[in-house]
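S.K.: Got a predicted structure here, sequence first:
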Amino acid sequence: MRFRVLGPVCLEPRTPSAPKQRAVLATLLVRAGAVVPAGALFDELWPDGPPRTAATTLQVYVSHLRKALAQGGHGRGPLETRPPGYLLRVEPGELDLRRFEELLSRGRAAFRACDFMAASEALAEALGLWSGPALSGVPQGEVLTAAAVRLDELRLEALELRIEADLRLGRHHEVTGELMELARAHPLREQLHCQLMEALRRAGRTTDALRAYRAVHRSLHDELGVTPGPALMRLHARVLSAHASEPVTAATATASAAVAAAPIGRPRAGSRRASGGPLPDVRAIRAHRRSL
């Protein structure tokens, strides 16, 4: 790849060293093939208002970028002056973002067609293009901040879809460790916690799945004042059912008691659970304990 934005902003063979030059490059890359008005570049480079010399300074940055592009054998061609601003042309295979979007689209299509192997492979390749947080290493104004948020969300979508494809392929043992790490990194992202619980359930680790549910329940309550959504609640009920049907041993009885005893607090007003009565999972666990 000649241009990289899925991680530190990079131009091969040599990335401009000045932060604002890299910011100009990044802004042009996230809108590659489209004219970026000079005014939008002013706002990105000087969020508190452009100096009187903004137009001249921007021209200097563009001139330096053209020289950097020329080192790669493209001459002045890719970066064009187009009223009211500038346009950066990117050829197929040169920009990691475009390749990522192509692979993500391919992975989505394969998943919809129930070709989970093809989906997993395409999405794994897409995720392999990333080397860190999107658009890192440059000062970010409004345009780059919004672009970074969008790209990081797409990365998480690709990650969740790849894991879902792997689960459909029966790879729950392979993804469990990865999901544990992701659940810690994203304590409020319910889809990842659903996938972790499902992987643990399929592996027969129902007590660990119940602990995972308690963790996300607590995080959602403490941070947002809500309880888990319908998908997590339905999966929790399935795990409880599987747990209740397991043979009782001293170890499982002790683990069940520990899970049941863990406090989770009271939901705040406006939470997804109707007020009154103990939490559904507590009632089920208590019933299970009485049956022991």
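M.R.: Thanks, I have the structure now.
S.K.: the bottom helix or strand of the chain by mean pLDDT?
M.R.: helix 280-291 (a mean of 44; mean pLDDT, DSSP states H and E).
S.K.: The longest helix anywhere in the chain: which residues count as buried?
M.R.: What stands out as the longest helix in the chain, according to DSSP state H, is helix 142-168. Within helix 142-168, the residues that count as buried by 16 or more other CB atoms under 10 Å are 143-144, 147-148, 151, 154-155, 158-167. Where you see a C-beta, it was placed from the backbone N, CA and C, and this is true even at glycine.
S.K.: try stretch 52-67
M.R.: So for stretch 52-67, counting by 16+ other CB under 10 Å, buried means 54, 57-58, 61-62, 64-66.
S.K.: now do stretch 79-93
M.R.: Buried positions in stretch 79-93, judged by neighbour count with 16+ other CB under 10 Å: 79, 85-88, 90.
S.K.: And the closest residue to residue 140 other than its chain neighbours, how far from residue 139?
M.R.: Of all residues not flanking residue 140 in the chain, residue 148 sits nearest, at 6.4 Å (CB to CB, 6 or more residues apart in numbering). Distance of residue 148 to residue 139, given as CB to CB, to the nearest Å: 12 Å.
S.K.: Likewise for residue 87?
M.R.: 22 Å.
S.K.: got it, and residue 71?
M.R.: For residue 71, the distance to residue 139 (CB to CB) stands at 24 Å.
S.K.: again, but for residue 168
M.R.: 42 Å.
S.K.: show me what contacts the most centrally placed residue in the chain?
M.R.: Per CA atoms, centre = their mean, the C-alpha nearest to the average position across the chain is that of residue 156, at 2.3 Å. Residues in contact with residue 156 (CB atoms under 8 Å, 6 or more residues apart in numbering) are 186, 189.
S.K.: try the one 4 residues further on
M.R.: Residues in contact with residue 160, defined by CB under 8 Å, 6+ apart, are 191-192, 195.
S.K.: okay, the residues you listed in a markdown table with distance to residue 225 and pLDDT next?
M.R.: What follows is these, written out as a markdown table (distance: CB to CB, whole Å; pLDDT from 0 to 100):
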| residue | distance to residue 225 | pLDDT |
| --- | --- | --- |
| 191 | 20 | 97 |
| 192 | 20 | 98 |
| 195 | 24 | 98 |
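S.K.: Which residues are in contact with residue 122?
M.R.: 103-104, 106-107, 110.
S.K.: let's go with 10 Å and repeat that
M.R.: Contacts for residue 122 (CB atoms under 10 Å, 6 or more residues apart in numbering) come out as 102-111, 115, 158, 161-162, 165.
S.K.: go on, residue 137?
M.R.: 7-10, 15, 19, 22-23, 26 are the contacts of residue 137 under CB under 10 Å, 6+ apart.
S.K.: Please apply the same query to residue 62.
M.R.: 21, 24-25, 28, 38, 41, 79, 81, 85-86.
S.K.: now those as CSV including pLDDT, secondary structure and distance to residue 230?
M.R.: Listed next are the contacts of residue 62 as CSV, based on pLDDT from 0 to 100; DSSP: H, G, I helix; E, B strand; the rest coil; distance: CB to CB, whole Å:
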residue, pLDDT, secondary structure, distance to residue 230
21, 95, helix, 49
24, 97, helix, 46
25, 97, helix, 44
28, 97, helix, 43
38, 96, helix, 49
41, 97, helix, 45
79, 94, strand, 50
81, 94, strand, 53
85, 96, strand, 47
86, 97, strand, 48
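S.K.: could you dump these to TSV with distance to residue 210?
M.R.: Formatted as TSV, those follow (distance: CB to CB, whole Å):
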residue	distance to residue 210
21	53
24	52
25	49
28	50
38	58
41	53
79	57
81	62
85	56
86	56
